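Enquirer: Based on what follows, work out the 3D shape:
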Amino acid sequence: MTQPRIIHIESLDALRATAGAWDDLWRRGEATLPSLRAELLAQWVEQFSRPEDFIAIAVEVKGRLAAALPLIRHGKIGIPLIRAATIPCNEWSGSGDLLLEADAAADEALRALAAGIRETGVPLLWLDEAALDAARWRRFQQALLRDGMTVAGCRRWLVGRVEINHDWPAYKARWSRKHRQKMAQAARRLDERGDVRLDVRSQLAPHEVEPAMRQCFEIEDRGWKGAAGTSVLRTPGMAGFYVRQAEQAARWGQFEIVTLHCGGRPAAFSYGLSAKGVFHSIKIGYDPEYAEYHPGQLLRYYLLERFFADPERKALDFQGPMTEAHAAWQPERYAVGRVAVAPRGLAGRLAVLAYKHVWPWVRRGTRGGA
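Expert: A predicted model of the protein is given here:
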């Protein structure tokens, strides 16, 4: 029997050199977000961390990768005087996740991954934005426990995901009467103002990405985020990061930008990363001039209607924490949380146990919090 081989990827150059195998593993697993692919992971590290703090543990089985976990060493975790290896994610973007081959070799790969984690000597793992309901994360925690590690998984928020079953009338019937009336009235009133059109661009060339996204960022900046100083354009470096990410995704055919026009002008936008039939909504916004027409929700209405008519579409993932606006669409919900792991050492074990039994009562946490 071929034994699994543990691979430690300790630089971004090494990650990029193994991008073919890394991306092949992503394609074969259940994770669908394209920002988990090697190049976009490397871009995240270059933007938000020190490249020298990057490490990934991968497992090769029968000549191909079967599991991988990217980490940032010495990450801040919100507990004074304690640092840990963290997943590459933050409130701006997520590029870290457990990648796992979805076949019978997964348990064998996870055993080797646990051994690889021990080999790093990292005393504490603080793995945020874990999809706790996903099979890969459940199996991962079980493998770590079997290996004798101390593990605590805690839910932090729910994310909405509309499953596309291609029965539009049945799906609409699930909405509340209030939501159906609100959308019908908003559509009628906006149509009275001018010709309404939804533009979905799924095959942009890389050179077309920057001007299209610039328009989106300018719309966002005219709203409350601009006034609060938290828009992309008012945050140093963020516009360039998002454009680079989108340009690379466009090269793969995995970037989409959606605009709701009224009278020839953009009233709202949404853009996202798409793969495996799933549209991941990265950012949405609207021109405040059209606020009374609920343009962001109308955009989602027309976009979902189009998705339900497209046999290639499987889901729309709202990506961020559930909001009232998301809930109106009656999505399925999945839990996102933190998995704290102590591979070795008393200090790490005490930190995980404290998090499991004490910290949830002190602070439940939200996206970007502790």
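
Enquirer: going forward, measure contacts between C-alpha atoms and count neighbours the same way
Expert: Fine.

Enquirer: Any idea how far apart the tips of stretch 278-293 sit?
Expert: Terminal residues of stretch 278-293 are spaced 27 Å apart (C-alpha to C-alpha, to the nearest Å).

Enquirer: Make residue 1 into 471 and carry on from there
Expert: Got it, first residue is 471 now, which makes that one stretch 748-763.

Enquirer: Quick check: end-to-end length of stretch 753-770?
Expert: 12 Å.

Enquirer: Show me what counts as buried in it.
Expert: Within stretch 753-770, the residues scored as buried using 16 or more other C-alpha atoms under 10 Å are 753-758, 760, 763-770.

Enquirer: confidence score at the closest residue to residue 610 other than its chain neighbours?
Expert: Nearest residue to residue 610, sequence neighbours excluded (C-alpha to C-alpha, 6 or more residues apart in numbering): residue 580, at 6.3 Å. At residue 580, the predicted lDDT confidence score is 95.

Enquirer: List the residues that contact residue 580.
Expert: 537, 609, 610, 613 (C-alpha atoms under 8 Å, 6 or more residues apart in numbering).

Enquirer: Report the distance from stretch 778-793 to the chain centre.
Expert: For stretch 778-793, the distance from its own C-alpha centre to the chain's C-alpha centre is 13 Å (C-alpha atoms, centre = their mean, to the nearest Å).

Enquirer: Look at that stretch and report the distance between its end residues.
Expert: End to end - C-alpha to C-alpha - stretch 778-793 spans 22 Å.

Enquirer: in it, what counts as buried?
Expert: 778, 783, 784, 785, 786, 787, 788, 789, 790, 792.

Enquirer: Report the rounded mean pLDDT for the helix or strand hosting residue 753.
Expert: Using DSSP states H and E, residue 753 falls within strand 748-756. Averaging pLDDT along strand 748-756 gives 96.

Enquirer: Sheet partners, orientation included, of it?
Expert: Strand 748-756 has the following strand partners under DSSP bridges: strand 735-745 (antiparallel), strand 785-791 (parallel).

Enquirer: quick one: contacts of the following helix or strand past the last one?
Expert: I take that to be strand 785-791. With elements assigned by DSSP H and E, the helix or strand that comes after strand 785-791 is helix 794-797. Contact partners of helix 794-797, identified using C-alpha under 8 Å, 6+ apart, comprise 630, 767, 788.

Enquirer: Quick check: the gap between the second one and residue 486.
Expert: Applying C-alpha to C-alpha, one obtains 39 Å for the distance of residue 767 from residue 486.
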